[in-house]
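Chemist: Structural data only, the sequence is not supplied:
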């Protein structure tokens with residue numbers, strides 16, 4: 001009986017994974033994320049991390065082992081949790097954010113397709129397309145998660161989605177790490193300076209610089225409004241308690 005219950009539990013994890021990736025997960029399902037979902041998500045993260053470099057002999061052992069991808073999930077989740085928390089989404093917790101981020105890792109299995117072995121000339125362009133597909137899919141899933149689980153309003157969702165992204169891109173640009181990160185994410189090899197993929201990264205950097213100030217202003221206003229509202233609610237509660 002216990003074995004059947006365990007199997008049923010893991011089956012529900014697989015069902016939720018499929019529903020989440022195709023934007024069908026309910027709020028109740030997202031609130032019910034537990035250690036099984038996190039375990040499965042980290043397993044997926046590890047697999048796609050290994051797949052990203054399985055055919056690249058020039059990377060280190062930790063990258064081949066997928067350790068970097070697992071560490072990245074923990075760091076990214078902490079960053080996202082801290083940035084979004086002042087906007088006061090409902091039921092916002094680090095464990096839930098970490099579990100969600102790990103569960104959206106499977107689309108990155110596209111990076112494991114060895115396109116270099118079929119068409120070396122087109123490999124970078126194809127990998128760039130894969131990177132774009134995975135990035136847009138994950139951003140859309142983040143919007144879905146913020147709306148369905150966090151119940152944020154549309155403006156807050158826009159800021160909570162794009163402010164962290166612009167901060168990451170700008171930070172990497174200032175550190176001159178765009179090329180390294182693009183290679184890391186997309187598994188590009190032997191890219192030339194004239195490759196169109198690098199142009200995509202530079203375009204993203206430019207867009208991020210242009211959006212950063214408006215997003216920061218909007219974020220600051222929203223945090224101030226939420227803080228004032230929370231203070232007002234506390235005062236009203238204290239008045240009710242005193243009476």
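Modeler: Perfect, I can see it now. Note that the coordinates shown come from a computational prediction; the quantities given were computed from them, not determined experimentally.

Chemist: Next, residue 24: phi, psi?
Modeler: phi -110, psi -10 (degrees, to the nearest 10).

Chemist: Check the burial of it by counting its neighbours.
Modeler: Look at residue 24: counted by other Cβ atoms under 10 Å, it has 12 neighbours. C-beta here means a position set from N, CA and C on the backbone, and glycine is covered the same way.

Chemist: same check, this time on the one 3 residues further on
Modeler: Other residues within reach of residue 27 by the criterion other Cβ under 10 Å amount to 14.

Chemist: what about it, distance to residue 44?
Modeler: 22 Å (Cβ to Cβ, to the nearest Å).

Chemist: now do residue 112
Modeler: 12 Å.

Chemist: more crowded one of the two?
Modeler: residue 44 (21 against 17).

Chemist: May I see the buried residues of the helix or strand containing residue 43?
Modeler: Per DSSP states H and E: residue 43 is located in helix 35-53. For helix 35-53, the neighbour count (16 or more other Cβ atoms under 10 Å) marks 37-38, 40-42, 44-53 as buried.

Chemist: So which elements touch it?
Modeler: helix 2-21, helix 61-64, helix 67-84, helix 94-103 (3 or more Cβ pairs under 8 Å, 6 or more residues apart in numbering; DSSP states H and E).

Chemist: can you list contacts of that helix?
Modeler: Helix 35-53 is contacted from outside by 9-10, 13-14, 16-17, 59, 63-70, 73, 95, 98-103, 105-106, 108-109, 111-112, 187, using Cβ atoms under 8 Å, 6 or more residues apart in numbering.

Chemist: Quick one: residues contacting residue 221.
Modeler: Contacts of residue 221 by Cβ under 8 Å, 6+ apart: none found.

Chemist: still on that earlier bit, tell me which of the helices and strands packed on helix 35-53 lies nearest to residue 150.
Modeler: Closest to residue 150 of those is helix 67-84 (Cβ to Cβ; 7.4 Å).

Chemist: if you average pLDDT over stretch 102-112, what comes out?
Modeler: Stretch 102-112 carries an average pLDDT of 87.

Chemist: list the buried ones in it?
Modeler: Across stretch 102-112, burial judged by 16+ other Cβ under 10 Å covers 102, 103, 104, 105, 106, 107, 108, 110, 111, 112.
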